[in-house]
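Q: Quick one, structure for this:
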Amino acid sequence: MSTIDPTTAPKIIQDWLGNARKLVDKELATLLKLPALPEDDPVYRLADAMRYAVLGGGKRLRPALVLAACEACGGTPEDALPAAAAIEMLHAYTLVHDDLPAMDDDDERRGRATVHIKYDEATAILVGDALLTFAFQTLASGKRGAAEAVLLLASRAGHEDLLAGQMLDLGWQSAEHTPDLADLQRLHAAKTGALFSAACELGAIAAGANAETRSKMAQYGLEVGVAFQHADDLDDGDFADHAKSAAAERIELARSAEKALDLLGDSGALLKSFAQWIGSA
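A: Next comes the predicted model:
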């Protein structure tokens with residue numbers, strides 16, 4: 001059984017993720033509507049492939065964190081829905097492109113054919129491009145702090161964070177480099193932590209939080225994201241030589257993430273519970 005399977009989480013986490021998924025999936029299904037075109041029309045095929053990429057499963061952790069962070073900072077789920085949908089579309093784009101033959105060359109994801117196998121490679125490239133573009137269009141529609149939100153996500157998802165992490169991964173694979181724990185921390189901070197951090201800060205922006213609160217939410221997201229990736233490595237049997245030290249690091253990161261929420265008082269309880277679960281997974 002997966003150590004980070006939501007079905008193994010405390011009930012408060014299961015309920016939160018379940019409710020968030022319903023909200024986010026409804027929003028995504030509405031945004032990614034099929035055009036009024038014949039099914040054999042190429043543009044219909046692109047829209048269909050976008051829906052296939054986004055609506056085919058996943059934990060919805062990143063958008064759930066957007067919603068939870070917004071509520072913890074005094075906002076509502078409705079305030080944060082554009083950001084939640086945007087970050088999930090952006091996450092889906094990264095997976096579609098990662099699965100391509102030029103990257104990880106995967107034929108299956110979440111028990112289904114990957115987009116380039118289900119459709120074709122050219123369509124998969126366009127699906128990723130379309131989801132990335134639509135993510136920012138959706139984010140820009142937010143009612144509060146839209147410009148700040150767009151700037152933040154562009155930074156976290158760009159060449160200094162998320163894409164830098166993917167390039168590190170590809171470079172190490174081609175050079176047959178065996179990463180040490182410090183390398184793993186750098187990789188996980190870029191590939192996973194960057195979007196977790198963005199998710200939490202986007203929620204704070206949607207709630208109209210001040211600069212100090214935004215900073216603490218970003219810290220929380222980064223630390224819990226890296227801790228999550230260490231737990232995911234354990235599940236997948238990756239980097240087994242570092243399993244013991246990574247487990248210890250995961251616990252410390254989760255504790256630090258909890259502490260970052262102290263300024264929120266009782267409103268940070270759910271996010272603290274999430275960090276505790278990740279740290280103990």
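
Q: what stretches of the stretch 101-250 of the chain score poorly on pLDDT?
A: 236 (pLDDT under 70).

Q: which residue of this structure sits farthest from its center?
A: No residue in the chain has its C-alpha farther from the mean C-alpha position than residue 38, which lies at 33.3 Å (C-alpha atoms, centre = their mean).

Q: If we ignore the residues flanking it in sequence, what's nearest that residue?
A: Excluding the flanking residues, the one nearest residue 38 by C-beta to C-beta, 6 or more residues apart in numbering is residue 44, at 6.5 Å. For the C-beta atoms, the positions are set from N, CA and C on the backbone; glycine is no exception.

Q: What of residue 37?
A: Excluding the flanking residues, the one nearest residue 37 by C-beta to C-beta, 6+ apart is residue 44, at 4.3 Å.

Q: Tell me which residues touch the residue nearest to residue 38, please.
A: 34-35, 37-38 (C-beta atoms under 8 Å, 6 or more residues apart in numbering).

Q: Please apply the same query to residue 220.
A: By C-beta under 8 Å, 6+ apart, residue 220 lies in contact with 200, 257, 260-261, 271, 275.

Q: quick one: which helix or strand includes it?
A: In the assignment (DSSP states H and E), residue 220 maps to helix 211-236.

Q: Tell me the buried residues in whichever helix or strand comes after that helix?
A: Next helix or strand after helix 211-236 toward the C-terminus (DSSP H and E): helix 243-260. Residues of helix 243-260 classed as buried by neighbour count (16 or more other C-beta atoms under 10 Å): 246-247, 249-250, 253-254, 256-258, 260.

Q: Could you look up the SS state of residue 40?
A: Secondary structure assignment for residue 40 (DSSP: H, G, I helix; E, B strand; the rest coil): coil.

Q: for the chain, what spans make up the helices?
A: Using DSSP state H, the helices of the chain run over 11-31, 42-54, 61-72, 77-98, 115-118, 121-139, 146-156, 162-174, 181-188, 194-206, 211-236, 243-260, 269-280.

Q: So which residues make contact with the third one?
A: Judged by C-beta under 8 Å, 6+ apart, the contacts made with helix 61-72 from elsewhere in the structure are 16-17, 20-21, 23-24, 76-77, 79-81, 83-85, 87-88, 91, 195-196, 199-204, 206-207, 217, 221, 228, 261, 264, 267-268, 270-271, 274.

Q: do the same with the last one
A: Residues from elsewhere that reach helix 269-280 (C-beta under 8 Å, 6+ apart): 4, 9-10, 12-13, 16, 65, 68-69, 71-72, 200, 220, 223-224, 227-228, 231, 250-251, 253-255, 257-258, 261, 264.

Q: redo that, cut-off 6 Å
A: Applying C-beta atoms under 6 Å, 6 or more residues apart in numbering, the external contacts of helix 269-280 come out as 9, 12-13, 16, 68, 72, 224, 227-228, 251, 254, 257-258, 261.
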